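Asker: Test case, fold it:
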Amino acid sequence: MLKLLIVIPAYNEAESITRVVDDLIQNYPQYDYVVVNDGSRDKTAAICRAKGYHLIDLPVNLGLAGAFQTGLRYAAENGYDCAMQLDADGQHLPQYIAPMLETLEDGADIVIGSRFVTVLKPRTLRMLGSYLISWAIRLTTGRAICDPTSGMRMFNRRLLEEFALNPNYGPEPDTISYLIKNGAVVREVQVKMAERTAGQSYLNFARSVQYMVKMGLSILLIQWFRKRDTVTPYLERSL
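Answerer: Numbering: from 1, shown residues only. Here you go, the predicted model:
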């Protein structure tokens, strides 16, 4: 069995972090985890320390990309075979970790926990961005990704090393598209996601539109100018 690290980026998730981490500890002890507190202004870090959680406490807010990259660098430097993102708001359900891990072991470089492999994506305004991003990925790579905005993703050792060392590798659809274009094997596993029950999502309507435009432009234009180093060994690149 592959040695997996679950990376839990957390920003102002004091109301939900205990439920998420305690669920992992009690029901999924076979998996290692680390909470990356991304400069939270609430009691997220204090709760983690009081509960004795495995914690990386960033002194400033780096954003999701920086927090996730921190977790993947920790995974790379501590000998993990793979790593995945599990959101601190409780929407990602750990019951799907096992089938995702099986898919990774079966030869995938990246596994996405997707809401829409066997379930039809609703044609709503909320899903418009997902449709457009899926279209952009298919146009530029020839590959259909059903749920490109899902943050529940798992990466093998080679990919976690790339994410650990490349500051322009955000855990976002444009990077997934770029990696597909460069030969990465990406597969999706059908999952369900829970509704957020505490805290507040960063994405309001205006930010969602901004995000959609940013991802679309990046996938259609910027990814053609990105460079990828898959030759230099991780330890040499990290010096």
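Asker: Asp87 falls within a helix, correct?
Answerer: No - secondary structure assignment places Asp87 outside any helix; it is coil (DSSP: H, G, I helix; E, B strand; the rest coil).
Asker: That one and Ile8 touch, don't they?
Answerer: Yes - using C-beta atoms under 8 Å, Asp87 and Ile8 qualify as a contacting pair, with a distance of 7.4 Å. In short, each C-beta sits where N, CA and C put it, glycine included.
Asker: Common neighbours of those two, please.
Answerer: Both Asp87 and Ile8 are in contact with Val20, where contact means C-beta atoms under 8 Å, 6 or more residues apart in numbering.
Asker: buried stuff in stretch 163-173?
Answerer: Along stretch 163-173, these residues count as buried under the neighbour rule (16 or more other C-beta atoms under 10 Å): 163-166, 169-173.
Asker: just stretch 13-32 next, same as before
Answerer: Residues of stretch 13-32 classed as buried by neighbour count (16+ other C-beta under 10 Å): 13-18, 20-21, 24, 31-32.
Asker: Ok, stretch 172-183 next?
Answerer: For stretch 172-183, the buried set under the neighbour-count rule, 16+ other C-beta under 10 Å, comprises 172-181.
Asker: Can you convert those into a markdown table and add a column each for secondary structure and pLDDT?
Answerer: A markdown table is the format used below for the buried residues of stretch 172-183 (DSSP: H, G, I helix; E, B strand; the rest coil; pLDDT from 0 to 100):
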| residue | secondary structure | pLDDT |
| --- | --- | --- |
| Glu172 | coil | 92 |
| Pro173 | helix | 93 |
| Asp174 | helix | 93 |
| Thr175 | helix | 93 |
| Ile176 | helix | 94 |
| Ser177 | helix | 94 |
| Tyr178 | helix | 93 |
| Leu179 | helix | 94 |
| Ile180 | helix | 94 |
| Lys181 | helix | 91 |
